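Participant: Quick one, structure for this:
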Amino acid sequence: MKNTREIAGEYRMTYWAGIMQKRVESGLSIRAFCQGEGMHVNRYHYWQRKLRTAVAKEILPTKVETVVPTVPMGWTQVKIAEEAKASFNGEVAIEIGKCRVLVKDNINPETLAQVCKVLVSIC
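Facilitator: Numbering: from 1, shown residues only. Okay, the predicted model is just below:
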């Protein structure tokens, strides 16, 4: 059974997820949205980070063979098993929200980071 602190935490996360969704649907920048809602941009970013961290904890595998410290927060790098390498065709599917992108294995990491950033903001 959940205690009141856990329930309150879930409520706040749900509330802020709704705020984030409202901002995306408005089409406004974060700054313009926050000004319109009368909230400080730092508060919005604080809750955005908390939500992303919570989601990352839910979707990341529980057993990761290799984690590289230079990978950005909320990301992980996983060593591919040898049997999976045999069937690898040089493409990786990345799904963020309702968006799905096929990425070639030789993509520039900075380009991939920018693509993912855009997908997170629109999906």
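
Participant: helices and strands of this protein: which one has the lowest mean pLDDT?
Facilitator: Least confident helix or strand of the chain, by mean pLDDT, DSSP states H and E, is helix 82-87 with a mean of 54.

Participant: downstream neighbour of it in the secondary structure list?
Facilitator: strand 91-96 (DSSP states H and E).

Participant: So residue 33 sits against residue 23, correct?
Facilitator: Yes - using CB atoms under 8 Å, residue 33 is in contact with residue 23, at 4.4 Å. (C-beta placed from N, C-alpha, C; glycine too.)

Participant: Identify the contacts common to the two.
Facilitator: Shared contacts of residue 33 and residue 23 (CB atoms under 8 Å, 6 or more residues apart in numbering): residue 44.

Participant: Let me see the domain layout of the chain.
Facilitator: Structural domains assigned to the chain are 1-66, 80-123, following automatic domain parsing.

Participant: among those, which gets the worst mean confidence?
Facilitator: Among the domains of the chain, domain 80-123 carries the lowest mean pLDDT, at a mean of 68.

Participant: Strands of this structure, residue ranges please.
Facilitator: 91-96, 99-104 (DSSP state E).

Participant: closest to residue 121 out of these?
Facilitator: Closest to residue 121 of the strands of the chain is strand 91-96 (CB to CB; 9.7 Å).
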